[in-house]
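Chemist: 3D model of this:
(4 chains, ligands or ions: 2)
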Amino acid sequence: MTHLPGLLDTEAIRKDFPILDRVVHDGEKLVYLDNAATSQKPRQVLDALNAYYERHNANVHRGVHVLAEEATALYEGARDKVAAFINAPSRDEVIFTKNASESLNLVANMLGWAEEPYRVDAETEIVITEMEHHSNIVPWQLLSQRTGAKLKWFGLTDDGRLDLSNIDEVITERTKIVSFTLVSNILGTHNPVETIVRRAQEVGALVLLDASQAAPHMVLDVQALQADFVAFTGHKMCGPTGIGVLWGRQELLEDLPPFLGGGEMIETVSMHSSTYAPAPYKFEAGTPPIAQAVGLGAAVDYLSAIGMDRIAAHEQAITAYALERLATVPGLRVIGPPTAEDRGAAISFALGDIHPHDVGQVLDERGIAVRVGHHCARPVCLRYGIPATTRASFYLYSTPGEVDVLVEGLEYVRNFFG
Amino acid sequence: MTHLPGLLDTEAIRKDFPILDRVVHDGEKLVYLDNAATSQKPRQVLDALNAYYERHNANVHRGVHVLAEEATALYEGARDKVAAFINAPSRDEVIFTKNASESLNLVANMLGWAEEPYRVDAETEIVITEMEHHSNIVPWQLLSQRTGAKLKWFGLTDDGRLDLSNIDEVITERTKIVSFTLVSNILGTHNPVETIVRRAQEVGALVLLDASQAAPHMVLDVQALQADFVAFTGHKMCGPTGIGVLWGRQELLEDLPPFLGGGEMIETVSMHSSTYAPAPYKFEAGTPPIAQAVGLGAAVDYLSAIGMDRIAAHEQAITAYALERLATVPGLRVIGPPTAEDRGAAISFALGDIHPHDVGQVLDERGIAVRVGHHCARPVCLRYGIPATTRASFYLYSTPGEVDVLVEGLEYVRNFFG
Amino acid sequence: MKLDSMYQDVILDHYKHPHGRGLRDGDAEVHHTNPTCGDEITLRVKLDGEIVSDISYDGQGCSISQASASVLNELVVGKKLDEAWQVHGAFLELMQSRGRLEPDDAMEERLEDAVAFAGVSKYPARVKCALLSWMAWKDATAWALGEAAEKKSV
Amino acid sequence: MKLDSMYQDVILDHYKHPHGRGLRDGDAEVHHTNPTCGDEITLRVKLDGEIVSDISYDGQGCSISQASASVLNELVVGKKLDEAWQVHGAFLELMQSRGRLEPDDAMEERLEDAVAFAGVSKYPARVKCALLSWMAWKDATAWALGEAAEKKSV
Ligand SMILES: Cc1ncc(COP(=O)(O)O)c(C=O)c1O
Ligand SMILES: Cc1ncc(COP(=O)(O)O)c(C=O)c1O
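Modeler: Numbers count the residues shown, from 1 in each chain, chains lettered A, B, ... in the order given. Ligands and ions are numbered 1, 2, ... in the order given. Predicted coordinates for the structure are as follows:
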């Protein structure tokens, strides 16, 4: 077995993930390299879900009976855990949503309905980038259509990085919000937050960071990042589906209007008018994803016990090794930064002119799960003139051996269509 | 043991619900009478969740690998199950949301951004009722504030029913949408859908039914109901938290604009503009609550295997028995219809002038879980001039014996504060 | 039984026989509600120089919120303001202790009957009930002092 | 091995040596895309009375979508329209069978090389690839017929 410095004890870790033992297609061991789409779940998270449903399930808040108190303590305890995980100054800045997409839409909607100085309207501009996930493009297109605000974006360089050469023209005094991804889900690029935040602060624009591909993989410190909002999603970080997070600065959450209306988000309701609860509740209408928050709390515990810095080091090592090995495959071209510097563990590539669909299908037959397509980032495909890519993406349980299996698989694909 | 005609075999059913064996406060058997807030989950649903996470977990759609295909088949299979459960003409009319509150907000937002003839604006009116859950009040207050539309509502009679005497003045040619609850979560009232739908159709208004307290308890046939939209929530019907449903008529879903933007809901995206996928995907932005949909599918299977008509009969019998027994408690006043006719299994009451908080707290100490407060329907409390109520609510596993324990508990409460 | 730790006899007594209930003349009036359970209180404060000369109140609520208003009246009326603030702070600390604070002699001396609320602090849903009148008093006193200050400066 | 059931030699042959690829003169042109994977096709149809005289196409896509366009060309060009519709219907049915349809002799006679796609029908994610060109042809033909009808009516 290949030994790389910085690797985690994957043998032990993999025992926590029941699905990794799975055999597919009558006898192929599963090699799961689709972690940027969603991660697998450790036993610890499933146990937390089961314990919740089997012993404590109740609707949260307002209840005086013991199950309601326990469920509330578990749900709010999960908020504490997430707050600590991202180093939030206050637990009340952590809003639970259903996924990162809802978190991003929430901000777009708040700004559309906000009062000055936050209000996005026809006089103002919104800035995104060409490497955003559709979930950080479409909400802004909708907001721009509905308010008349102008949508602008940063383009990309040939090696898959943000082209910030015109930053002063893109982010201007008219800019109200700059929303961009910390780590790209298709290119793997880790973006230079500081440069962008500095310029945004200069012009008084808010900054929303899409950390969907960062939170699972590295230390996320919302105070150090200096953004105003940070969004991410539970299912990519060992948590359940159905839960996302929006962190926002307290003063903003106090000033901005609610998004969805309903139970839990109110202070007092009459038929004529209502007042709203303080954040985070103002933004959590209806029965929240209680079990899912508890599961995310368990995921955060799991990841923290291993250490996000060690997980980042592990992935860095695997990514460097994968880039090196993939470079040996004839005809393979990486779409995105070619080295492991400032880069996450998702690697997109083209294999000669074999269509990614065919690459993925043949790999699958050998048990290797990669994702093929535009990865919800079609503008990136348009930018690089390709219909789609094949993407292998790694996580804390990925091994150099799996990289080797992938590389062998790609050789097989080449021969198959050769 | 009390034997009532129409009861289910609760002894067998209760074995499916692990939490019902729970002992609280050192030795009290749990008597869970808070089903209108949320239901407990049978083993079958937890098994489906575990099987999903342990064997099939992947992100849905677009994947060519075997896990992605299995997860997609499970997720879309859940849609088929829900569609059959509510007798939807087409599976494509079933939208998965995070809860009923999101479903209701979704419709309010669609109508705010819609083109004619659906558009809600300052020239138009919205109709709700005084017995709505906050989740069916606040979205319309927000829509009314944001569009200038007038918000109107039906009042209540003294015995907890809708006062429809002025129906022709409330629903008029200006009405664009009538949104009301099929069964009240606080009063238990089962509302006369047909009368309201007929009037709405006369004036060309759309009808949205909040079926959150109906779907868990009775046969729900969206075609027979003749509404345009029906919303409900998974956690009250043996399903997981984090999942809701919006059913809508296909033509409407085609015509109406999207709500949240992001992955999954698009057809094609460029930086300049996007086109949207057909319904239901148009309304499902981001990674959906996959495991939760699968869990809801298992819940629907579980309920259907018992039979919704039999569940309704069981609850009818328990409710009649409970109303009869509660009438024997001195000083107890039911808030809502006093008989089991046209009524669901949630019973709110006042016990002399003992505050509901105190009633609930003392009952809890005996293991009896009821809900106290305004039950997210504060206008009902205002209407009846009470600060709050105590609510006992039953489900398919509730027994006459539990009613007896409740009645004994209430006697104890009276003595305690007597 | 655990119930007794919340519903101590002292509390039930105050609930059944509240001290100083009813609205009387005051320097400032506030209206506070607990939206989660519908409890409401209208409270007036009367200051006589440095002395809290009256706390009068009316409203509806559970036994805990009613009893705690009664205890507030009994404990604070007649005290000098700085002492009243100390009592307030001690009660707040006790209520936020989640049952982890074991009242000692010093606390019992300061809080008198109010130490009976120690058991309530174990029930997060009820802590707000116990604090309703105390928060209203704090608010009303701030208003009263503000107006007094304004009067002086005029 | 299951792969062979999808990537039959016939399919790989059509993929590597496509029939009638390239755009030529036609009565109608359509552009179809498969948003989930970025496959695209531009397709033109030429009718000669009742006869499909040419189907020309260009685009990018996976082996399945490329091969199926080639098979479409081979199978349908030269046929009378009603026969072409029957072939189209039979192919649609096969592709939507989720692998449950075992091609019989009649089907083999009608679909010729296209029966090789039976294996693809087991892969829901790939059925759309196989149908891309066939849906484009249907669309283009409808346009061509519509224009023909308009010409007549002028
Ligand atoms: C009648 C009614 N409508 C809507 C809701 C909201 O459901 P959820 O909280 O799951 O969004 C509820 C339950 O809380 C309800 O009882
Ligand atoms: C960078 C990025 N942003 C946003 C999302 C959206 O996350 P979700 O689908 O959970 O809403 C994803 C993943 O799908 C992503 O990779």
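Chemist: make it CA atoms for all contacts and neighbour counts henceforth
Modeler: Fine.
Chemist: how about the residues of chain A by chain D?
Modeler: By C-alpha under 8 Å from any C-alpha of the partner chain, the residues of chain A that approach chain D are A:354-358, A:362, A:365, A:372-374, A:387-388, A:417.
Chemist: mind redoing it with 6 Å?
Modeler: Applying C-alpha under 6 Å from any C-alpha of the partner chain, we find that chain A lies next to chain D at A:355, A:357, A:373, A:387.
Chemist: tell me which of those is nearest to residue A:43?
Modeler: Set against residue A:43, the nearest of the residues of chain A next to chain D by C-alpha to C-alpha is residue A:373 (30.5 Å).
Chemist: looks like that closest one contacts residue D:37 (just checking).
Modeler: Yes - applying C-alpha atoms under 6 Å, one finds residue A:373 in contact with residue D:37, separated by 4.6 Å.
Chemist: list the contacts for residue 56?
Modeler: Since you didn't name a chain, this refers to chain A. A:67, A:71 (C-alpha atoms under 6 Å, 6 or more residues apart in numbering or on different chains).
Chemist: let me rephrase: I mean chain C.
Modeler: Contacts of residue C:56 (C-alpha under 6 Å, 6+ apart): C:21, C:22, C:23, C:24, C:43, C:44.
Chemist: with pLDDT and secondary structure added, can I get the residues you listed in a markdown table?
Modeler: Shown next, in a markdown table, are those (pLDDT from 0 to 100; DSSP: H, G, I helix; E, B strand; the rest coil):
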| residue | pLDDT | secondary structure |
| --- | --- | --- |
| C:21 | 96 | strand |
| C:22 | 96 | strand |
| C:23 | 97 | coil |
| C:24 | 96 | coil |
| C:43 | 97 | strand |
| C:44 | 97 | strand |
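Chemist: ok, back up a step: what's the closest of the residues of chain A next to chain D to ligand 2?
Modeler: Nearest to ligand 2 among the residues of chain A next to chain D, counting by C-alpha to the nearest ligand atom, is residue A:373 at 12.9 Å.
Chemist: run a quick neighbour tally on that closest one.
Modeler: 26 (other C-alpha atoms under 10 Å in any protein chain shown).
Chemist: equivalent analysis for the one 4 residues further on, please.
Modeler: Residues near residue A:377, counting by other C-alpha under 10 Å, number 25.
Chemist: pop out the phi and psi values for the closest residue to it other than its chain neighbours.
Modeler: Spatial nearest neighbour of residue A:377, excluding adjacent residues (C-alpha to C-alpha, 6 or more residues apart in numbering or on different chains): residue A:133 at 4.9 Å. Per-residue torsions, residue A:133: phi -70, psi 150 (degrees, to the nearest 10).
Chemist: who does residue A:29 form a beta bridge with?
Modeler: residue A:23 (DSSP bridges).
Chemist: cool, residue A:354 as well?
Modeler: Applying DSSP bridges to residue A:354 gives these bridge partners: residue A:351.
Chemist: against chain B, how distant is it?
Modeler: 15 Å (C-alpha to the nearest C-alpha, to the nearest Å).
Chemist: which helix runs longest in chain C?
Modeler: Counting residues, the longest helix in chain C under DSSP state H turns out to be helix C:124-153.
Chemist: in chain C, where is pLDDT below threshold?
Modeler: Along chain C, the model assigns pLDDT under 70 to residues C:1, C:151-154.
Chemist: quick one: the helices in it, in order.
Modeler: Taking DSSP H as the test, the helices found in chain C are C:3-6, C:9-16, C:63-76, C:81-95, C:105-111, C:124-153.
Chemist: highest mean neighbour count out of those helices?
Modeler: Greatest average neighbour count among the helices of chain C goes to helix C:63-76 (a mean of 25), per mean count of other C-alpha atoms under 10 Å in any protein chain shown.
Chemist: any residues touching that one, and which ones?
Modeler: Helix C:63-76 has contacts (C-alpha under 6 Å, 6+ apart) with C:11, C:14, C:15, C:18, C:19, C:55, C:84, C:129, C:130, C:133.
Chemist: list, out of these, those positioned next to ligand 1.
Modeler: Among those, no residue sits close to ligand 1 (C-alpha under 6 Å from any ligand atom).
Chemist: could I get those as CSV with distance to residue D:72?
Modeler: Converted to CSV, those look like this (distance: C-alpha to C-alpha, whole Å):
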residue, distance to residue D:72
C:11, 86
C:14, 89
C:15, 86
C:18, 90
C:19, 92
C:55, 90
C:84, 91
C:129, 75
C:130, 78
C:133, 81
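Chemist: right, and the residue nearest to residue A:377 touches residue A:378 too?
Modeler: No - counting by C-alpha under 6 Å, residue A:378 is not a contact partner of residue A:133; they are 8.3 Å apart.
Chemist: for residue C:13, which non-adjacent residue is spatially closest?
Modeler: residue C:67 (7.8 Å).
Chemist: so how far is residue C:57 from that neighbour?
Modeler: Relative to residue C:57, residue C:67 is positioned 12 Å away (C-alpha to C-alpha, to the nearest Å).
Chemist: what does the stretch 201-350 of chain A put close to chain B?
Modeler: Close to chain B, as judged by C-alpha under 6 Å from any C-alpha, the stretch 201-350 of chain A has residues A:241, A:242, A:261, A:262, A:263, A:270, A:286, A:289.
Chemist: contact partners for the fourth one?
Modeler: Residues in contact with residue A:262, defined by C-alpha under 6 Å, 6+ apart, are A:285, A:286, B:134, B:135, B:138.
Chemist: shouldn't residue A:330 be within a helix?
Modeler: No - Residue A:330: not assigned to a helix; according to DSSP: H, G, I helix; E, B strand; the rest coil it is coil.
Chemist: count of neighbours near it?
Modeler: Around residue A:330 there are 12 residues (other C-alpha under 10 Å).
Chemist: pairing partners for the helix or strand bottoming out on mean pLDDT in chain A, with directions?
Modeler: Here the helix or strand of chain A ranked lowest by mean pLDDT, DSSP states H and E is strand A:266-269, holding a mean of 89. Sheet pairing here is set by DSSP bridges, and for strand A:266-269 it gives strand A:274-276 (antiparallel).
Chemist: now whichever helix or strand comes after the strand it pairs with: buried residues?
Modeler: Once the chain leaves strand A:274-276, the next helix or strand it forms, by DSSP states H and E, is helix A:290-306. Buried residues in helix A:290-306, counted by 16 or more other C-alpha atoms under 10 Å in any protein chain shown: A:290-304.
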